[in-house]
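1. give the three-dimensional model of this entry:
(chains A, B, C and D)
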There are 2 protein chains.
Amino acid sequence: MDEEQNDLDLPRGVALAWGVAANPQRGPKREMSIERIVEIAIEIADASGLGAVSMSSVATRLGFTTMALYRYVTAKDDLLLLMSEHGVGMPPLSITESADWRSGLTAWSREVLAVFAAHPWLLDIPISSMPNTPNNLAWLEAGLDVLEKTPLDWQERVSCVLLLNGQARWQGNIQRGYAQAGNTMNGELSETDRASAHILATFVTPEAFPVLSRAVTAGVFEDDDNPFEFGLARILDGIEYYMASAGSRAPDPEPVVDEFRRDEGVKRAREVVKDAESRLREARKKEREAIKKAEERAKKQAEADARAAAKR
Amino acid sequence: MDEEQNDLDLPRGVALAWGVAANPQRGPKREMSIERIVEIAIEIADASGLGAVSMSSVATRLGFTTMALYRYVTAKDDLLLLMSEHGVGMPPLSITESADWRSGLTAWSREVLAVFAAHPWLLDIPISSMPNTPNNLAWLEAGLDVLEKTPLDWQERVSCVLLLNGQARWQGNIQRGYAQAGNTMNGELSETDRASAHILATFVTPEAFPVLSRAVTAGVFEDDDNPFEFGLARILDGIEYYMASAGSRAPDPEPVVDEFRRDEGVKRAREVVKDAESRLREARKKEREAIKKAEERAKKQAEADARAAAKR
DNA sequence: GGTAATTGTTTAAGGTATACACAGAACTTC
DNA sequence: GAAGTTCTGTGTATACCTTAAACAATTACC
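-> Numbering: from 1, shown residues only, chains lettered A, B, ... in the order given. As a prediction, the model looks like this:
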């Protein structure tokens, strides 16, 4: 079979994400695991941002040398891909259980936003292509699932989900800016906000910006309730409007799927992904002990270093 | 006056963007200019991406030392901000000349997209807050201008422009991915695309992804006409739909602006920004010669280095 | 038991941003 | 005009970053 060849064709990170990376047999036992590495990297990113995630920081936190990571990950890009995949996670079941498509897509958007709020660094990882990895595809699947039984064709459904994804990403980006500004000076105006207000007051004159200046004096930039709920509602309105006109166009060209088989399929999807995850996770328990051992070794090493420094 | 204090309060990059950075009198004549630096940085980014823009690369291309740049820019962030500001440029007048708001916003979106297509690296510069700088505010102004005489209030108008901005950013991001994939293997499928197709064929089974797999077999991922025109149309539909319901709500609360004064204002805005730009540009001509001189010096330096290396 | 493969470590190369001290240029003031 | 002040571009140095290559130790297969 050429399936193994196919696996080799995949970018390493993607293969890892799907859990199809070949595990070797011959050498000494592994003391870390990809999952643990990704986990720690995400911890660091959650705490200090994506900029704080370096090969060095991750390795040190695990009690190993920097280069040891390269036995698990071919490059930092792989690690970022895996972080992204693990960070988004699986879409919650509540989405597909929604009553109608509109509440479903609303739930979908809110959940995506919640993910971005939990892991803001996800927004710093650039996305270059269509989703490739299981969890990301599962989110797309959930969105498409919600749009079943709508008069849209497949292309349009995918477009809708992508549209909402973009909106969520944009909204998450701006909301993170707000959150950061708010965190710095709790309650009061942040430095950035004060500077921004100065700029608006100084430069946005009625002569230079006739329309914008009126918006500013109307206080648009002051109240911090975000302007994005509005955007989401407008998008959903637009989709609904389009459906109304498309509904009279042609009936759903897809064969209606047996309801039972569909639900079965959703469950099966979760199992497949979970299986891939668990395959990566199986070394976990034994590893805990190995980590402890490694930390002890690191401590011993640190002591040795201290002794060496003392001699000098 | 405390205006000077205000200037000092501003982040350096922002002050530079507004052309209000104090130029010193005392020392030797400057041989570079901020504008030239930004120009070269943009050239590099256009040719080789934002990753290729380093202090070293920009300085070398200008024929100066890396550290010389820090006499013009306090940090690389400043340079990025200025690149962003110069890269977006001013919105074309054609936008505000549109007949109605819908064609106006369509034009606005297309122009933003054109900017992203011309300078894809703009998408790699993260935006953390509301627009601060003249050109970016001018784009917002243009969008708001288009929405004059609509029943929306100020908050809603800003929300609409932000919504379209997000959509354009998202669309630009994905389109860049397409463009890159297409460039690598002209005509044929790129490596990434082949891998992606493999993944879809191998892993997106009807059992694991019941809905998505049908979309794949329907060819959604194959035809490369982008799915974003659809998104833009849906957003505009949504706004239109909302206007129709909001129109009966209350009349435009804003005083209608004298048409002449408004047009005057737009022109004045352009002049203000152009003025700031030209203030930065004034050293340009003399500088050309200085650059040549610097390049000669660099060449001489290179020869000296070569000679020194030969001695070793 | 010998061989081959794989581990984590060490060492090192080449890249990044930027802090600091310095010689010289040009303006200000005497 | 001379002296002093201020700013320029340069050279040097530091502290990071990713990752390539050689190495001893460990484990599995024959």
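2. got the phi and psi for A:Thr96?
-> Torsion angles at A:Thr96 (phi, psi; degrees, to the nearest 10) stand at phi -70, psi -10.
3. list the contacts of it.
-> Counting by Cβ atoms under 8 Å, 6 or more residues apart in numbering or on different chains, A:Thr96 touches A:Gly104, A:Ala142, A:Asp145, A:Val146, A:Val266. C-beta here means a position set from N, CA and C on the backbone, and glycine is covered the same way.
4. ok, which stretches of chain A are helices?
-> Secondary structure of chain A (DSSP state H): helices at A:3-9, A:12-17, A:34-48, A:55-62, A:76-88, A:101-118, A:134-146, A:154-184, A:191-203, A:210-217, A:228-247, A:259-281, A:284-311.
5. pLDDT on the first one, on average?
-> Spelled out, that is helix A:3-9. Averaged over helix A:3-9, pLDDT sits at 38.
6. again, but for the third one
-> For helix A:34-48, mean pLDDT rounds to 96.
7. in terms of secondary structure, what does it contact?
-> Using 3 or more Cβ pairs under 8 Å, 6 or more residues apart in numbering or on different chains; DSSP states H and E as the contact test, the elements touching helix A:34-48 are helix A:55-62, helix A:76-88, helix A:259-281, helix A:284-311.
8. quick one: which of the contacts of A:Thr96 is nearest to B:Ala52?
-> A:Ala142 (38.4 Å; Cβ to Cβ).
9. now do the closest one against B:Gln175, distance only.
-> Applying Cβ to Cβ, to the nearest Å, the value for A:Ala142 to B:Gln175 is 25 Å.
10. touching, A:Gly172 and A:Ala114? I think so.
-> No: with contact defined as Cβ atoms under 8 Å, A:Gly172 does not count as touching A:Ala114 (9.5 Å).
11. ok, these two, which is more surrounded?
-> The residue with more neighbours, out of A:Gly172 and A:Ala114, is A:Gly172; 21 against 13, by other Cβ atoms under 10 Å in any protein chain shown.
12. show me what contacts the nearest residue to the more buried one once chain neighbours are set aside?
-> Distance criterion Cβ to Cβ, 6 or more residues apart in numbering or on different chains; nearest residue to A:Gly172, sequence neighbours excluded, is A:Phe116 at 3.3 Å. Listed by Cβ under 8 Å, 6+ apart, the contact partners of A:Phe116 are A:Leu122, A:Leu123, A:Ala168, A:Arg169, A:Gly172, A:Gln175, A:Arg176.
13. now pLDDT and distance to A:Met67 too, for those residues, in TSV please.
-> Listed next are the contacts of A:Phe116 as TSV, based on pLDDT from 0 to 100; distance: Cβ to Cβ, whole Å:
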residue	pLDDT	distance to A:Met67
A:Leu122	97	27
A:Leu123	95	30
A:Ala168	95	38
A:Arg169	94	34
A:Gly172	92	35
A:Gln175	85	38
A:Arg176	85	33
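14. need the buried ones from those selected in PyMOL.
-> Command for PyMOL that selects the buried part of the contacts of A:Phe116, burial taken from 16 or more other Cβ atoms under 10 Å in any protein chain shown:
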select buried, chain A and resi 122+123+168+169+172+175+176
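15. give me the low-pLDDT residue ranges for chain A?
-> For chain A, applying pLDDT under 70 flags the ranges A:1-13, A:19-24, A:180-199, A:223-228, A:247-312.
16. need the residues of it near DNA strand D, please.
-> By the rule Cβ under 7 Å from any atom of the strand, the part of chain A lying against DNA strand D is A:25-29, A:53-57, A:66-67, A:70, A:75-77.
17. between the residues you listed, which is closest to DNA strand C?
-> The closest of the residues of chain A next to DNA strand D to DNA strand C turns out to be A:Gly27 (Cβ to the nearest atom of the strand; 2.0 Å).
18. could you report the neighbour count for the closest one?
-> By other Cβ under 10 Å, 7 other residues sit near A:Gly27.
19. please report phi then psi for it.
-> Here the main-chain torsion angles of A:Gly27 (degrees, to the nearest 10) amount to phi -70, psi -170.
20. how much space separates the residue nearest to A:Gln155 when sequence neighbours are not counted from B:Leu212?
-> In space, and not counting its chain neighbours, A:Gln155 is closest to B:Val220: 5.6 Å by Cβ to Cβ, 6+ apart. Separation of B:Val220 from B:Leu212 (Cβ to Cβ): 9 Å.
21. could you check which of these two has the larger neighbour count?
-> Set B:Val220 next to B:Leu212 and count neighbours by other Cβ under 10 Å: B:Leu212 wins out with 28 against 21.
22. skipping its backbone neighbours, what lies nearest that one in space?
-> With Cβ to Cβ, 6+ apart as the criterion, B:Leu212 has its nearest non-adjacent residue at 4.3 Å, and that residue is A:Glu141.
23. so the one you found makes contact with B:Pro206?
-> No: if you go by Cβ under 8 Å, A:Glu141 and B:Pro206 don't touch, sitting 11.5 Å apart.
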